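> model this:
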Amino acid sequence: MVVACGFLVIPCGVYDGDGYSEVFHPRFSGDNLKKNKVLYARLANIAVKHRCKPSQLALAWILHRGNDVAPIPGTTKIKHLDDNINTLLIKLTEDDMKDISSAVSIEEVAGDRLYGHLVPHSWKFANTPAKESNI
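Down below sits the predicted model:
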């Protein structure tokens with residue numbers, strides 16, 4: 001699960017995919033948006049149990065994945081920054097983690113992660129040099 005370019009910040013009933021970037025983003029257009037709204041609703045139901053917003057639950061899920069995983073939230077609004085900080089107060093059990101992972105599995109997310117023209121520049125096509133030291 002990824003916070004998805006702001007998709008989890010906007011209430012599902014309000015988000016209609018009419019913004020400029022959203023119209024062209026593969027996950028936010030047409031049938032993909034309809035399918036992904038179902039995933040949002042599942043996450044929103046779990047968020048109610050934890051008394052938080054879906055975006056906070058998504059960040060908490062990432063934070064609980066382990067020490068080798070870190071969220072990189074971006075925001076332009078102070079209230080969202082406060083929400084991000086308050087995510088640290090959310091405690092998830094192993095069962096919670098499983099529930100969230102099964103409610104929003106990557107296999108069910110509709111649409112590509114990137115705009116089509118960006119795919120050739122993604123990590124999938126990176127030419128990473130071999131590691132030269134054991135440090």
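
> tell me the mean pLDDT over the lengthiest helix in the chain?
As far as residue count goes, and with DSSP state H defining each element, the longest helix of the chain is helix 30-49. Mean pLDDT, helix 30-49: 88.

> same question, stretch 109-126
Across stretch 109-126, pLDDT averages out at 68.

> How many neighbouring residues does Lys40 have?
No, residue 40 isn't Lys; it's Tyr. By other Cβ atoms under 10 Å, the residues close to Tyr40 number 21. (Each C-beta comes from the backbone N, C-alpha and C, glycine too.)

> I'd say it and Ser55 touch.
No. Here Tyr40 lies out of contact with Ser55, judged by Cβ atoms under 8 Å, at a distance of 10.3 Å.

> before we move on, the earlier item: tell me which residues in the longest helix of the chain are buried?
Within helix 30-49, the residues scored as buried using 16 or more other Cβ atoms under 10 Å are 32-33, 36-37, 39-40, 42-44, 46-47.

> of those, closest to Ser105?
The shortest gap between Ser105 and any of the buried residues of helix 30-49 belongs to Leu39, at 8.5 Å (Cβ to Cβ).

> for the closest one, what are its contacts?
If you count contacts by Cβ atoms under 8 Å, 6 or more residues apart in numbering, Leu39 has them with 103-104, 108-109.

> what's the most distant pair in the residues you listed?
Pairwise distances across the contacts of Leu39 peak at 11.8 Å for Ala103 and Val109 (criterion: Cβ to Cβ).

> Filter the contacts of Leu39 down to the buried ones.
Here the buried ones among these, as counted with 16+ other Cβ under 10 Å, turn out to be 103-104, 109.

> Which of the residues you listed fall in helices?
Secondary structure defined by DSSP H assigns Ala103 of the buried ones among the contacts of Leu39 to helices.

> Relative to His80, which of the buried ones among the contacts of Leu39 is nearest.
Nearest to His80 among the buried ones among the contacts of Leu39, counting by Cβ to Cβ, is Val104 at 20.0 Å.

> Give me the pLDDT for that closest one.
The model reports Val104 with a pLDDT of 84.
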